[in-house]
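S.K.: starting from these lines, generate the structure:
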Amino acid sequence: MRSAEEAAVGGAERGAVGGGAGGGSRGRAAVLVAGLLVTAGLLVLVAMASVALGARSMSFSTVIDAFLVPNGSSDHTVIRELRVPRTLLGLGVGATLGLAGALMQSLTRNPLADPGLLGVNEGAALGVTLALGLFGLSDPAVYVWFAFGGAALAAMAVHTLASSGRAGSSPVRLALAGVALGMVFTAVSSAILRMDPQTFDRMRFWLTGSLAGQTADTLARLAPFMAVGLVLGLLLARPLNALALGDEAGQALGVAVNRTRILTGVAVTLLCGAATAAAGPLWFVGLIVPHAVRALVGPDQRWVLPYSTLAAPVLLLGADVVGRLIARPGEVQVGIMWAVIGAPVFIMLARRRRVAAL
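M.R.: You can find the predicted model right below:
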């Protein structure tokens with residue numbers, strides 16, 4: 001597996017020298033591009049399965065007719081007004097959380113960083129809880145700002161707490177600070193909800209982490225924030241590669257260190273805020289997917305970021321489909337399914353002596 005230095009510097013050397021090394025680089029790039037296309041194909045198949053399969057059994061012809069010749073029947077209504085928005089929401093939430101996790105792991109140089117592990121998701125959830133429980137704001141276009149504010153404040157608080165003292169910030173201190181502050185945010189959210197049973201009834205599925213119950217209007221309101229966060233995050237691949245060598249080396253390579261950190265923080269806030277506002281606090285998506293991707297493609301963020309963006313919704317939508325099928329006519333929320341999948345994987349990653357290099 002190539003080191004971060006090789007990933008950041010090797011490209012410039014190959015561009016200047018060319019020759020046989022360039023041919024090997026082109027061959028590897030072709031393989032990685034093919035892998036991206038395969039992942040995109042899997043994403044299309046999972047999205048089709050999400051529309052066709054669910055708690056209510058329907059024939060394949062019924063699904064096709066719902067798009068080509070809709071007649072207003074109950075089956076067609078379920079497909080067009082429930083499953084399609086749910087699938088699109090799963091695509092957006094999965095992509096945003098996968099990219100947010102990859103960005104956080106690169107920026108903090110912590111392979112176990114995650115929007116949930118570092119308290120960002122819990123901060124966003126607290127913001128939404130305040131909006132719904134204390135201010136009675138039920139419009140996603142309004143309470144998404146509370147989610148953004150909570151995510152940003154959580155990120156700053158975790159970094160400040162982890163950086164305090166002589167030792168300074170480290171991956172372990174960041175994780176410990178994130179878990180501690182995340183528990184505080186969760187406790188405050190729970191206290192607010194206990195004081196307002198009606199708000200708790202409205203939020204109980206959201207707090208578990210669910211793609212159900214959101215309409216196309218909600219998705220349309222949150223989509224611009226997701227899109228801006230995705231574009232901004234993907235554009236940060238090259239400066240993050242340079243920062244992997246250290247701040248001084250990054251500056252020598254022409255990277256504006258502070259600007260890159262600020263832009264990465266903005267992208268993570270947009271991604272986590274929009275995803276949490278839409279589907280609730282989902283754990284492990286931003287941890288497992290980037291870690292697995294990095295083990296396959298190496299530490300080069302030019303590949304890690306797009307792979308994470310495509311692979312995360314494949315797994316998230318797949319877990320959502322399984323949750324709908326195993327408990328017919330009810331369903332198991334995707335947050336529960338991911339906890340069942342993610343907790344053992346997280347324990348395995350934490351016990352490993354070596355993790356995929358950043």
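S.K.: use CA for all of it now, contacts and neighbours both
M.R.: Will do.
S.K.: which strands and helices lie in contact with the helix or strand residue 315 falls within?
M.R.: For residue 315, the host element (DSSP states H and E) is helix 301-325. Contacts defined by 3 or more C-alpha pairs under 8 Å, 6 or more residues apart in numbering; DSSP states H and E place helix 301-325 against helix 20-52, helix 84-108, helix 216-234, helix 237-243, helix 285-297, helix 334-351.
S.K.: what's the helix or strand following the fourth one in contact with?
M.R.: Once the chain leaves helix 237-243, the next helix or strand it forms, by DSSP H and E, is helix 247-252. Contacts of helix 247-252 from elsewhere in the structure, counted by C-alpha atoms under 8 Å, 6 or more residues apart in numbering, are 239, 242, 243, 244, 256, 257.
S.K.: on the three-state scheme, residue 138 is what?
M.R.: coil (DSSP: H, G, I helix; E, B strand; the rest coil).
S.K.: typo on my end, it should be residue 111
M.R.: Assigned with three-state DSSP, residue 111 falls in the coil class.
S.K.: name the nearest residue to it, sequence neighbours excluded.
M.R.: Residue nearest to residue 111 in three dimensions, not counting chain neighbours: residue 105, with 5.3 Å by C-alpha to C-alpha, 6 or more residues apart in numbering.
S.K.: pretty sure that neighbour is touching residue 117, no?
M.R.: No: with contacts counted by C-alpha atoms under 8 Å, residue 105 stays clear of residue 117, the gap being 11.1 Å.
S.K.: in stretch 60-71, what counts as buried?
M.R.: If you call a residue buried by 16 or more other C-alpha atoms under 10 Å, then stretch 60-71 has these buried ones: 62, 63, 66.
S.K.: same question for it, mean pLDDT?
M.R.: The average pLDDT within stretch 60-71 is 90.
S.K.: cool, and stretch 134-152?
M.R.: In the prediction, stretch 134-152 has an average pLDDT of 83.
S.K.: mind listing what's buried in it?
M.R.: Neighbour counts over stretch 134-152 (16+ other C-alpha under 10 Å) mark 140, 141, 143, 144, 145, 146, 147, 148, 149, 150, 151, 152 as buried.
S.K.: got any ranges where the stretch 151-300 of the chain has weak pLDDT?
M.R.: In the predicted model, the stretch 151-300 of the chain carries pLDDT under 70 at residues 167-171.
S.K.: who's in contact with the residue nearest to residue 111?
M.R.: Residues near residue 105 by C-alpha under 8 Å, 6+ apart: 111, 112, 113, 114, 358.
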